[in-house]
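Student: From the sequence below, what's the structure:
(4 chains)
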Protein chains: 2
Amino acid sequence: MSDTAQGTSRRYGTRPTMKDVAARAGVGLKTVSRVVNGEAGVTPDTERRVQEAITALGFRRNDSARILRKGRTASIGLVLEDLADPFYGPLSRAVEEVARAHGALLINGSSAEDPAREQELVLALCARRVDGLVVIPAGDDHRYLEPEIAAGVATVFVDRPAGRIDADTVLSDSFGGAREAVAHLIAHGHRRIGFIGDQPRIHTASERLRGYRAAMAAAGLPVEESWVAPGSTAPERVRAAAAAMLEGPSPVTALFAGNNRVTVTAVRVLRELPRPVALVGFDDFELADLVRPAITVVAQDAAQLGRTAAGLLFRRLDGVDDPPRRVELPTRLIARGSGELAPVG
Amino acid sequence: MSDTAQGTSRRYGTRPTMKDVAARAGVGLKTVSRVVNGEAGVTPDTERRVQEAITALGFRRNDSARILRKGRTASIGLVLEDLADPFYGPLSRAVEEVARAHGALLINGSSAEDPAREQELVLALCARRVDGLVVIPAGDDHRYLEPEIAAGVATVFVDRPAGRIDADTVLSDSFGGAREAVAHLIAHGHRRIGFIGDQPRIHTASERLRGYRAAMAAAGLPVEESWVAPGSTAPERVRAAAAAMLEGPSPVTALFAGNNRVTVTAVRVLRELPRPVALVGFDDFELADLVRPAITVVAQDAAQLGRTAAGLLFRRLDGVDDPPRRVELPTRLIARGSGELAPVG
DNA sequence: TAGCCCCTGGACAACGTTGTCAGCTGCCGT
DNA sequence: ACGGCAGCTGACAACGTTGTCCAGGGGCTA
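Tutor: Predicted coordinates for the structure are as follows:
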């Protein structure tokens, strides 16, 4: 009776529980649970009474308690570098779609390319007992994840490999893509080609640099160190790097941009130059076909990266227990014009 | 003793609990809790023993249990239309940053512009007992949220107003921005101006249409119905709508595109035409300045929308209890060329 | 008609944490 | 030397749900 009263005149901020619903419907606690979960074994009449009580009280099941009891959270964590980067938009959406298809929610965090923040986020997600993690790593040592993985948190790394642990990984073929991009420029007559990329500690960045060097070496071309500018993707840095390699004693006639941020800035810089400079960028981007010249790119399929990673993750959650896999997705050169300009200078 | 054994030789998938840690460190449960939460009143020596046990067992606090006990989840939900839309990237990042500053995690979901899915997501988040919600509504009736709000779930609507309930709302000035855009075209000599926008049931879309009509009316210009094409933002639909209004008996000399998706398709369509057609788009987008002609836009600050909304949300969570607010952020016309073309035809 | 089984419903424990409260130790002041 | 006090520590209940198990009643079969 005091329960009923409590259930009826609740104060702000307190929610009705199954106990309240049961009291109001005049049934047992477990019967309410059965109705809420659509379990069999409840008379239509009883079910109706319970439903009415639920509606009247505005009851909503407390998933925290449910999770505590069941051990599974039906949620996965996604840690990426920056939600606002257009490269990660399609990736997160793909992960979300797969999660949704498996009835899981997505918890999202940005590491801002800071290893400490990545770890903090990942561990916060583990404390929430997410069933699995999709991580675009910022750091290069993920041993801190070992106890979590041992405890059953499925983990998949995307876009960059895990550091010092063995785990499922989905990558784009950065090396091959970069090599193809630079070979393309060489095939169009370029001999002095510049590379502007991301920080070399980032795996994709160093792979792309390696691809650049491999293509140059395969063609027997020397690489002057002033042509190679790994570093931040901040526009000012990229602008300065481009200016340096375009103006030196042996100026480049073509640029290979290591990711979409760099490409966009490179387009702006080249636009201001009197002479045409060829450009191939890693990563496709919207409107690449609309600027003039249209931008030749090495496209990687961000959505496919996300889908594949999430697929691997749920495969693990379904109990598959074979050794960690490493999937490498191919890239695709899309020639649009900027990469086919003849060398000038 | 059996506890200790259980704690030491755990099977895969079972995690150590505070009880295990306590047994191993030879202390009480509550002492472990105190150490884990950094509470005062623990001898350095005891704390060290507990820390060692924690490390040895790989213990991580179970936040589900903590949440159940404490009632607060330190997480907020964000429901938007599509994570992959470049408009929402900066918005979600801004929300995430504010959440992070308040020590909260972000749970993320896409409604795909489907009211049923929006409701499903929102209620799933409420079941998780998120402390608050930031919602970009897809539906136009949010009375289903009333019990949640009454129960204390702080809720802020962004980009579009809530339907049939009173809640904090943060909007861009769609009407004013659209009117300014169209007035800008009129000022540059256009008399026949087309409007291609999103589904009219979407608030921003109908507001922008209203702004279009207001600007035309203010200039004393008639609007032929064939110039007005609200509907899906799918490229084919936009393409067909543009073709129709550019080829009819009284073809338009300028287009006003109701959002960034439409603008991008419009750029592609106009590019194929022999004669120049002026264009102003709602929403700024990366590279708008790099196509030729550069695209004149009405810019709205997506990040600021997100920041403002999250700010309002945490204000509520901090206990502020004044009546719901409606914040309207100004837009800004950025003239780049495409909107200043003279009428032809 | 008797006996059995199935169907429905409820009591109770457990999930892992935190808040409350009480007990214990050792030290201080007188 | 004794009361008291302060500082640590631990036992216990509670958070809201689900799984297990048992009880009772009604229908069906022999």
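
Student: any idea how far the residue lying closest to A:Thr263 once chain neighbours are set aside lies from B:Val264?
Tutor: Using CB to CB, 6 or more residues apart in numbering or on different chains and skipping the chain neighbours, the partner closest in space to A:Thr263 is A:Gly281 (3.1 Å). (Each C-beta comes from the backbone N, C-alpha and C, glycine too.) A:Gly281 is 19 Å from B:Val264, where distance means CB to CB, to the nearest Å.

Student: More neighbours: these two, which one.
Tutor: The residue with more neighbours, out of A:Gly281 and B:Val264, is A:Gly281; 28 against 24, by other CB atoms under 10 Å in any protein chain shown.

Student: From the contact counts, what lies against the helix or strand the residue nearest to A:Thr263 falls within?
Tutor: Element membership for A:Gly281 (DSSP states H and E) is strand A:278-282. Contact analysis of strand A:278-282 by 3 or more CB pairs under 8 Å, 6 or more residues apart in numbering or on different chains; DSSP states H and E lists helix A:174-187, strand A:254-257, helix A:260-271, strand A:296-299 as its packing neighbours.

Student: Return the most buried member of those.
Tutor: With neighbours taken as mean count of other CB atoms under 10 Å in any protein chain shown, these reach their highest mean count in strand A:254-257, at a mean of 30.

Student: Tell me how far it lies from the chain's centre.
Tutor: Remark: strand A:254-257 is offset 25 Å from the chain centroid, using CA atoms, centre = their mean, to the nearest Å.

Student: next one: stretch A:170-187
Tutor: Centroid displacement of stretch A:170-187 relative to its chain, using CA atoms, centre = their mean, is 21 Å.

Student: for stretch A:43-58, same thing?
Tutor: Relative to the centre of its chain, stretch A:43-58 is centred 43 Å away, using CA atoms, centre = their mean.

Student: near chain B, anything from that stretch?
Tutor: Yes: legend: contact between stretch A:43-58 and chain B by CB under 8 Å from any CB of the partner chain is shown at A:Gly58.

Student: And that stretch, what's buried?
Tutor: The neighbour-count check on stretch A:43-58 (16 or more other CB atoms under 10 Å in any protein chain shown) flags A:46-47, A:49-50, A:53-54, A:57 as buried.

Student: Turn those residues into JSON lines, columns for pLDDT, distance to DNA strand D and secondary structure.
Tutor: Below are the buried residues of stretch A:43-58 laid out as JSON lines (pLDDT from 0 to 100; distance: CB to the nearest atom of the strand, whole Å; DSSP: H, G, I helix; E, B strand; the rest coil):
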{"residue": "A:Thr46", "pLDDT": "89", "distance to DNA strand D": "12", "secondary structure": "helix"}
{"residue": "A:Glu47", "pLDDT": "91", "distance to DNA strand D": "15", "secondary structure": "helix"}
{"residue": "A:Arg49", "pLDDT": "91", "distance to DNA strand D": "17", "secondary structure": "helix"}
{"residue": "A:Val50", "pLDDT": "92", "distance to DNA strand D": "12", "secondary structure": "helix"}
{"residue": "A:Ala53", "pLDDT": "93", "distance to DNA strand D": "12", "secondary structure": "helix"}
{"residue": "A:Ile54", "pLDDT": "94", "distance to DNA strand D": "10", "secondary structure": "helix"}
{"residue": "A:Leu57", "pLDDT": "92", "distance to DNA strand D": "11", "secondary structure": "helix"}
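
Student: Quick check: which of the residues you listed are also close to DNA strand C?
Tutor: Counting by CB under 7 Å from any atom of the strand, A:Thr46 from those sit close to DNA strand C.

Student: Would you mind giving the helices and strands packed on strand A:278-282 as TSV with mean pLDDT and distance to A:Pro137 added?
Tutor: Output for those, formatted as TSV (pLDDT from 0 to 100; distance: least, CB to CB, whole Å):
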stretch	mean pLDDT	distance to A:Pro137
helix A:174-187	98	14
strand A:254-257	98	23
helix A:260-271	96	18
strand A:296-299	98	22
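
Student: hmm, back to that, how big is the angle separating the strand holding A:Gly281 from helix A:174-187?
Tutor: Counting by axes from the mean of the first three to the mean of the last three CA atoms, to 10 degrees, strand A:278-282 lies at 170 degrees to helix A:174-187.

Student: and the angle for strand A:278-282 with helix A:260-271?
Tutor: Using the same axes, to 10 degrees, one finds that strand A:278-282 and helix A:260-271 are set 170 degrees apart in direction.

Student: okay, now A:Gly311: neighbour count?
Tutor: By other CB under 10 Å, 18 other residues sit near A:Gly311.

Student: which residues in the stretch 1-150 of chain A form helices?
Tutor: Using DSSP state H, counting those that start in this stretch, the helices of the stretch 1-150 of chain A run over A:2-8, A:18-25, A:29-36, A:44-57, A:63-70, A:88-101, A:115-127, A:146-150.

Student: Please export the C-alpha coordinates of the third one as CSV.
Tutor: To tie it back to what came earlier, the one meant is helix A:29-36. The C-alpha coordinates for helix A:29-36 follow below in CSV (Å, rounded to 0.1, in the frame of the first residue of the first chain):
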residue,chain,number,x,y,z
LEU,A,29,7.1,-8.2,-10.4
LYS,A,30,8.2,-11.0,-12.8
THR,A,31,4.9,-10.7,-14.7
VAL,A,32,5.7,-7.1,-15.5
SER,A,33,9.2,-8.2,-16.6
ARG,A,34,7.6,-10.8,-18.9
VAL,A,35,5.3,-8.2,-20.5
VAL,A,36,8.1,-5.7,-20.9
